[in-house]
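>>> structure for the following, please:
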Amino acid sequence: MAVNWKWSVGVLTSFGIGLLCVNFREVFGPTVTIVKMVAVDVNGKPPHLMTIERPPLAAPRANIWGKLKPPYPTHAFWENFALGTGVDTSNAVTALPYITQATDYSLDLFYPYTSMATKTQFQLAFDMVVGRLAIGASTSDLSGGPTIDSYTDLGVTLKFNMQSGGVMKTHVVQGSPYVNYVYEGAKPMITSGQLLRRYMVDGKKADCNAKPIKGHTFQFSLLQFDETWIIYAYPPLELRCTASNPPMALQALGPYQGTLRVAISNNCTFGQSSHHCRSDGHGGFIRGEPKGYRDLLNKHASTMVTGGDVSYEFRDDKAHVSFNWHTVELRKNTSGNVKKGEALMLTLPHHRQVLDSDLKNKTYKTLAGHRSIHGVQHVLTGSRWNLTEHLSTIAWTAPRKVNDIDKINAIKAAAENDLKWELPWNYKTGTGDPYNAGKMMAKMANIAIIAEEMDVSKHKISKFLDPLEDALGLWLNGSSGNSLVYDASWGGVVSCGCLYSYPPPHCINKGPPHCPALGGDPVSNGFDFGNGAFNDHHFHYGYIIYAAAGLAKFRPEWGKKHQKEVLSLVRDIANANPKDRYFPRFRHTDWYSGHSWAGGIALPYLNGKNQESSSEAFNAWYGVSLWGRVSNDKHLRDIGRLLMSMEARAARTYWHIPEINDNIYPKEFAQHHTAGIIWQNLIQYQTWFGQLQWEVQGIQTLPVTPASEMYLTKPWSKTAAKLFESTCGGACYTDGWITFLCLLKAVNDDQDAWSCAEKLHDSVFAGEAAGGNGNSLSNTLYWIATREST
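Next up, the predicted model:
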């Protein structure tokens, strides 16, 4: 992240290194409720952090969460259900292959199409009016909106309590070609804004003339988007079809006890959709055999998937990951017994890279598939997916030694000079933001590790680590000016926020109960890069965890003493315990998408969750793995390594575009070679702080550590370096981003990279340099010198 400047409540707020100019009236920000100071065991609340409850505007909405209690997910693919309200643009949830939206009485479906919205934006577009397929209960039987009934790693169940006393539950599951609607006394109703072109019941043509017809399958083709949908009813029910206002409606005559499964079977039925029938394939279905796809839908419709859990085990530097789909059989055989079937699900490109060989053979690549901005979804049958990730063995230092004596001397000299580096004044007191604080503390740990590798005096290293220990202590024990607190409303560690003034550096709000970052309004959500809204926690805390691991490597007793505090941050971003009562499980990780989401609860964006810097996400899991190593926790080490492997794979598949790849991106977007920000239904070639090429390449590179060679491939790094260099000027130099150009060059040309590094000025590594303040000359030279010889 770069430095962002915003005006807020009369205060010019710098979320980076720059200083705040505070006006003369006292502005303390929103008031939170202090519960108590806690200091309990590792499995309890975070020790030594103030526990607070948020004001109503920022607290979870009780009517949405129903009977569920904190901790709540903050980055789930379905989070917009909990953040948005009603039929508006903030309520949409992407659950490929569909986009869904909840109303007071229905869960509506849209079948999107890919589109180049601009030259730098590749979008999953949908029509919220005409393209809406509304599926729910009678409009006269309003529920007041859904509650979240339950959720799993891979899905969510919404519950609608109707005025009549009936209930409808819907299961929204990632990668499911069906969406489920379970009725318990509610009256089903399906409507569309499109004109009805063809209507069939149980495979036979039927008239839409308001006369009820009983059936098991109801198939209807719609005009404007050329779509054909199928509704599977268990047990069969009677529906009345009308075609007036709305243009298409199917309505039950009375309450229903049963399940409807809804799926699109063809989105180019008559070859007349301008969106879905494009010759370049970037509209919807990939050219294939739609009839074969429909046959699979018919065959597997009775095996309902209601959600899914993820399990894993570690053996021989491999992680064996399983997606365990929760299934319910809806059909019985002639003797009345449940007829066991297989789930029908959809894979994305990164799944197919790591699927076990027996499952790859069950992937139907020759049939029509669903096109999305994340690649083609191909069909896979089976109620359990097994995937294997290879884990990095890189720990503290590079896997290759520096052998050139001149380079050894240069790195050692740089390290000795870097050992004189100091945190900026405001970060020594913990009055800065946790993101830049984490970056610079991680930098200090990294310098010490390299200095040790280069045989620098232990005394010099130890002296350098004293201020790192002091700075880490401020953040870990909640005594920093911008204090970390435990948020009991959502369940997690957040920053209180600092209304900064100087001299000396201090926060005029003085910490809890006055927390400007926790008000839930746009101003509050702007503090600390949105840390109070759970934005970017893996970036922020990943750096701090890395710094803590590095310090504990040199000072094991410090690590033992502060284990609980560090684990509080680990649990915030990478909690593996589903029974933890204080933190959600794997806050940032989207197992189906294969990577993290950074955006939290600030806003229910129409485009869903987002992540900019995949490299900082990768670094977070590297930090977790190192804390596992230094604390002798092999399981935690391997969790970190698994998340590293997943994040790197996703980056190589979706963020890094070394070659034109029509299977994921159209040529118009692939020519950029890098995705800057990936949303659930939008991909942008830009960053949150600009659109220049060096900005995009830089944010997908930092930080660079020994583990980065798992992430920075030769093809992408070569292209990224060229794009970086072609535009690097001005702030690219003054803010220190130029350092990452040298690091990128090293992947393919260590000599050119070394020459690049020799020209760097000390100022590019200064605390005020928003890009380079987390890097150092010793790290730059060490990375270059440990690359494979070119």
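
>>> use CA for all of it now, contacts and neighbours both
OK.

>>> pretty sure residue 474 is touching residue 480, no?
Yes: using CA atoms under 8 Å, residue 474 makes contact with residue 480 at a distance of 4.5 Å.

>>> overlap in contacts, those two.
Shared contacts of residue 474 and residue 480, defined by CA atoms under 8 Å, 6 or more residues apart in numbering, are found at 429, 430.

>>> look at those two and report which has more neighbours.
Neighbour totals were compared for residue 474 and residue 480, and residue 480 leads with 24 against 20 (other CA atoms under 10 Å).

>>> quick one, phi psi at the more buried one?
Residue 480 adopts backbone torsions of phi -70, psi 150, taken as degrees, to the nearest 10.

>>> which ones are touching it?
Counting by CA under 8 Å, 6+ apart, residue 480 touches 429, 430, 431, 474.

>>> of the residues you listed, which belong to helices?
Of the contacts of residue 480, the ones assigned to helices by DSSP state H are residue 474.

>>> can you list the contacts of residue 480 in a markdown table and add distance to residue 671 and pLDDT?
Compiled in a markdown table, those are given as follows (distance: CA to CA, whole Å; pLDDT from 0 to 100):
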| residue | distance to residue 671 | pLDDT |
| --- | --- | --- |
| 429 | 45 | 94 |
| 430 | 43 | 97 |
| 431 | 42 | 97 |
| 474 | 46 | 96 |
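
>>> after the strand of greatest length in the chain, next one along is what?
When the chain is parsed with DSSP state E, its longest strand is strand 228-242. Counting by DSSP states H and E, the element after strand 228-242 in chain order, helix or strand, is strand 248-252.

>>> report the angle between that following strand and strand 228-242.
For strand 248-252 against strand 228-242, the angle by axes from the mean of the first three to the mean of the last three CA atoms, to 10 degrees is 70 degrees.

>>> how far is strand 248-252 from where the chain is centred?
37 Å (CA atoms, centre = their mean, to the nearest Å).

>>> next one: stretch 621-630
Offset of stretch 621-630 from its chain centre (CA atoms, centre = their mean): 20 Å.

>>> can you give the contact residues for it?
With CA under 8 Å, 6+ apart as the test, stretch 621-630 has contacts from 395-396, 542-543, 545-550, 552-553, 556, 559, 570, 574, 634-641, 643-644, 707.

>>> now do the helices in the stretch 451-600 of the chain.
With DSSP state H, counting those that start in this stretch applied, the stretch 451-600 of the chain shows helices at 458-476, 522-526, 537-554, 556-561, 563-574, listed in chain order.

>>> dump the longest strand of the chain to PDB, keeping only the CA atoms.
Extracted in PDB, the C-alpha atoms of strand 228-242 (Å, rounded to 0.1, in the frame of the first residue of the first chain):
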ATOM      1  CA  THR A 228     -32.800 -22.100 -20.500                       C
ATOM      2  CA  TRP A 229     -33.400 -22.900 -16.900                       C
ATOM      3  CA  ILE A 230     -34.500 -26.200 -15.200                       C
ATOM      4  CA  ILE A 231     -36.300 -26.500 -11.900                       C
ATOM      5  CA  TYR A 232     -36.100 -30.000 -10.300                       C
ATOM      6  CA  ALA A 233     -38.900 -30.600  -7.700                       C
ATOM      7  CA  TYR A 234     -38.600 -33.200  -4.900                       C
ATOM      8  CA  PRO A 235     -41.300 -34.300  -4.600                       C
ATOM      9  CA  PRO A 236     -43.200 -33.200  -7.700                       C
ATOM     10  CA  LEU A 237     -45.400 -30.200  -7.300                       C
ATOM     11  CA  GLU A 238     -48.100 -28.300  -9.100                       C
ATOM     12  CA  LEU A 239     -47.200 -25.000 -10.700                       C
ATOM     13  CA  ARG A 240     -49.300 -22.400 -12.600                       C
ATOM     14  CA  CYS A 241     -47.500 -20.600 -15.400                       C
ATOM     15  CA  THR A 242     -48.500 -17.100 -16.400                       C
END
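
>>> in that strand, what's buried?
By 16 or more other CA atoms under 10 Å, the buried positions in strand 228-242 come out as 228-234, 236-242.

>>> that strand pairs with which strands?
strand 212-222 (antiparallel), strand 248-252 (antiparallel), strand 256-266 (antiparallel) (DSSP bridges).

>>> could those strands go into a markdown table alongside distance to residue 181 and mean neighbour count?
Listed next are those as a markdown table, based on distance: least, CA to CA, whole Å; neighbours: other CA atoms under 10 Å:
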| stretch | distance to residue 181 | mean neighbour count |
| --- | --- | --- |
| strand 212-222 | 14 | 20 |
| strand 248-252 | 14 | 22 |
| strand 256-266 | 5 | 23 |
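
>>> now distance to residue 455 too, for those strands, in TSV please.
Shown next, in TSV, are these (distance: least, CA to CA, whole Å):
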stretch	distance to residue 455
strand 212-222	72
strand 248-252	77
strand 256-266	64
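
>>> to residue 773, which of those lies closest?
strand 256-266 (50.7 Å; CA to CA).

>>> what's the neighbour count on residue 422?
Other residues near residue 422 come to 17 when the count uses other CA under 10 Å.

>>> cool, and the one 4 residues further on?
Neighbourhood size, residue 426 [other CA under 10 Å]: 22.

>>> just residue 99 next, same as before
Residue 99 has 21 nearby residues by other CA under 10 Å.

>>> A strand includes it, no?
Yes: counting by DSSP: H, G, I helix; E, B strand; the rest coil, residue 99 is found in a strand.

>>> dump the residue contacts of the closest residue in space to it that isn't next to it in sequence.
Distances taken as CA to CA, 6 or more residues apart in numbering place residue 110 nearest to residue 99, at 5.2 Å, with adjacent residues excluded. Listed by CA under 8 Å, 6+ apart, the contact set of residue 110 reads 98, 99, 100, 126, 127, 128, 131, 132, 133.

>>> buried subset of these?
The buried subset of the contacts of residue 110 - by 16+ other CA under 10 Å - is 98, 99, 100, 126, 128, 131, 132, 133.

>>> can you put those residues in TSV and add pLDDT?
What follows is the buried ones among the contacts of residue 110, written out as TSV (pLDDT from 0 to 100):
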residue	pLDDT
98	96
99	96
100	96
126	92
128	89
131	94
132	95
133	97
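
>>> need the max-distance pair from these.
Longest distance between any two of those is 12.6 Å, between 98 and 128; criterion CA to CA.
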